[in-house]
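Q: missing the sequence, but the structure's below:
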């Protein structure tokens with residue numbers, strides 16, 4: 001299964017610009033990403049606990065693995081499949097993050 005995201009309207013006010021779509025077909029990550037990009041926008045970006053709750057509610061009783069858009073770029077960092085910076089919001093500023101003040105919040 002993979003989870004795609006589309007820009008558009010949603011029933012969730014704070015995420016009004018996003019729609020999430022579950023695709024119940026076994027695919028590799030690259031095929032899941034290609035499918036989501038062709039049919040929607042990209043694999044889902046999970047940028048808050050609110051989105052986690054939305055996706056958990058949508059998944060219902062489904063308890064298998066699913067592709068989202070987070071991947072290891074093999075250079076000691078994680079990246080989101082959707083590279084549009086307007087899709088992300090800056091993280092909270094905090095002294096607890098080792099001095100890094102411009103983090104993307106998850």
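A: Perfect, thanks for sending it. Everything numeric here is computed off the predicted structure, so don't read it as measured data.
Q: please enumerate the helices of the chain.
A: Here the chain has its helices, by DSSP state H, at 29-39, 49-59.
Q: determine which stretch of those helices is the most buried.
A: Comparing these on average neighbours per residue, with mean count of other CB atoms under 10 Å, the densest one is helix 29-39 at a mean of 15. In this view, the C-beta of every residue, glycine as well, is placed from N, C-alpha and C.
Q: ok so, going back, ok, which of the helices of the chain comes nearest residue 75?
A: Across the helices of the chain, residue 75 has its closest neighbour in helix 29-39 (17.2 Å, CB to CB).
Q: pull the residues that contact that closest one.
A: Contacts of helix 29-39 from elsewhere in the structure, counted by CB atoms under 8 Å, 6 or more residues apart in numbering, are 2, 4-5, 21, 23, 25, 27, 42-44, 67, 69, 71, 81.
Q: 6 Å instead?
A: The contact list for helix 29-39 (CB atoms under 6 Å, 6 or more residues apart in numbering) reads 2, 4, 42, 43, 67, 81.
Q: equivalent analysis for stretch 46-63, please.
A: For stretch 46-63, using CB under 6 Å, 6+ apart, the contacting residues are residue 68.
Q: still on that earlier bit, so how do I select the buried members of the contacts of helix 29-39 in PyMOL?
A: Paste this into PyMOL to select the buried members of those, with burial taken from 16 or more other CB atoms under 10 Å:
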select buried, resi 2+4+42+43+67+81
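Q: from the contacts of helix 29-39, which land in strands?
A: Filtering the contacts of helix 29-39 for membership in strands, criterion DSSP state E, returns 2, 4, 42, 43.
Q: so the last one bridges to which residues?
A: As for beta bridges, residue 43 partners with residue 4 under DSSP bridges.
Q: what's the separation between the closest residue to residue 27 other than its chain neighbours and residue 44?
A: Leaving aside its sequence neighbours, residue 27 sits nearest to residue 2 (CB to CB, 6 or more residues apart in numbering; 6.0 Å). Going from residue 2 to residue 44 by CB to CB, to the nearest Å gives 8 Å.
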